[in-house]
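>>> sequence below, structure please.
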Amino acid sequence: MTTKKLRWGILGTAGIAKRSVIPGIQQSQTGEAAAIASRNLEKSRETAAQLNIPTAYGSYEDLLSDGSIDAIYIPLPNHLHMEWSIRAMEAGKHVLCEKPIALNAEEAQRMADTASRTGVHLAEAFMYRHHPRYERLKEIIDSGEIGGVRGIHAAFTFNNAGDKGNVRYRREWGGGSLYDIGCYPISVARLILGAEPEAATVHALISPEHDEVDMMASGLLEFPGSVALTFSSGMWAAFRNPLEILGSDGWIEVPGAFVGDQHFIVHTKDGVREEKPQELNAFALEIDDFARTVWGEQTARFTPDDAV
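The predicted model follows:
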């Protein structure tokens, strides 16, 4: 256990922050949830009291001007990611920004350029990538145990359609399933294959009841070497988040690829086995990787260029 701590400020009181990331900071070896800000001081004070955060601010600007804060976590609506990430970096803070890091590649590039110019660490908050089971999955693939990779299928869906006031259903704010959860299957295919897609085709269900955002999406991404990702995302369907990696000689099933139980099943010519990695908090692991990068103890596992 390290004795030094990276002091975190949380810019906003979104559910993901309260439910997952702040507890991840508090359970990490390196992080301290030191302050939280909302545009409503009463709201930030309430959240601070609930989660044992010592300082609450009634404006984002006040948090960024706090010289004791080392890093900022940004769980704001998608259309605010670029603005407040850049403002935080300009204030000398390291930034962990929720996915998707921006609304398009141009915005993400501006953020990456700001990180380079100001000398701070900028990371996109895909927590699942920091769990060691993904290193194990890549080990199995690299060993040739399932043969060459022939295809990947992944999905992430849940049903929140009744909550029509949710920020996910604001088109101008970067709403819709692709931005919110479709980014997970896309990122995991890029992670496993170590490559970028060459073509993309997506069919979406657009809902007039939800400000014309995509409530469901089904896609095909074509990668080099004739390997494809087929994926689905949705906010109007039953919850699931599976991953399947299909090889020429076997396949791997990951029932909870992004959240939930962390076991997976390997099918080979020699039989079937289940692997049960240690149950670890991926959010805490993400925080620890972030801090060790900031402190120069390791290189960034995922750079801003990856987010672009």
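
>>> show me what contacts Thr293?
By Cβ atoms under 8 Å, 6 or more residues apart in numbering, Thr293 lies in contact with 121, 123, 299-301. C-beta: built from backbone N, CA, C; applies to glycine.

>>> for whichever strand or helix holds it, list the C-alpha coordinates in PDB.
Assessed by DSSP states H and E, Thr293 sits inside helix 282-294. What follows is helix 282-294, C-alpha atoms only, in PDB (Å, rounded to 0.1, in the frame of the first residue of the first chain):
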ATOM      1  CA  ALA A 282     -12.000  -2.200 -12.000                       C
ATOM      2  CA  PHE A 283     -12.700   1.400 -11.000                       C
ATOM      3  CA  ALA A 284     -10.100   1.300  -8.200                       C
ATOM      4  CA  LEU A 285      -7.600  -0.300 -10.600                       C
ATOM      5  CA  GLU A 286      -8.200   2.500 -13.100                       C
ATOM      6  CA  ILE A 287      -7.500   5.100 -10.400                       C
ATOM      7  CA  ASP A 288      -4.300   3.300  -9.400                       C
ATOM      8  CA  ASP A 289      -3.100   3.100 -13.000                       C
ATOM      9  CA  PHE A 290      -3.900   6.800 -13.400                       C
ATOM     10  CA  ALA A 291      -1.900   7.900 -10.300                       C
ATOM     11  CA  ARG A 292       1.100   5.800 -11.100                       C
ATOM     12  CA  THR A 293       1.200   7.300 -14.500                       C
ATOM     13  CA  VAL A 294       1.000  10.800 -13.000                       C
END
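
>>> C-terminal to it, what's the next element?
Counting by DSSP H and E, what follows helix 282-294 is helix 304-307.

>>> about what we covered before: out of the contacts of Thr293, who's the most crowded?
Within those, Ala123 tops the neighbour count with 26 neighbours, counted by other Cβ atoms under 10 Å.

>>> how near is the spatially most distant residue from the centre of the chain to Glu253?
Distance from the centre of the chain peaks at Asp270, with 35.1 Å (Cα atoms, centre = their mean). For Asp270, the distance to Glu253 (Cβ to Cβ, to the nearest Å) stands at 16 Å.
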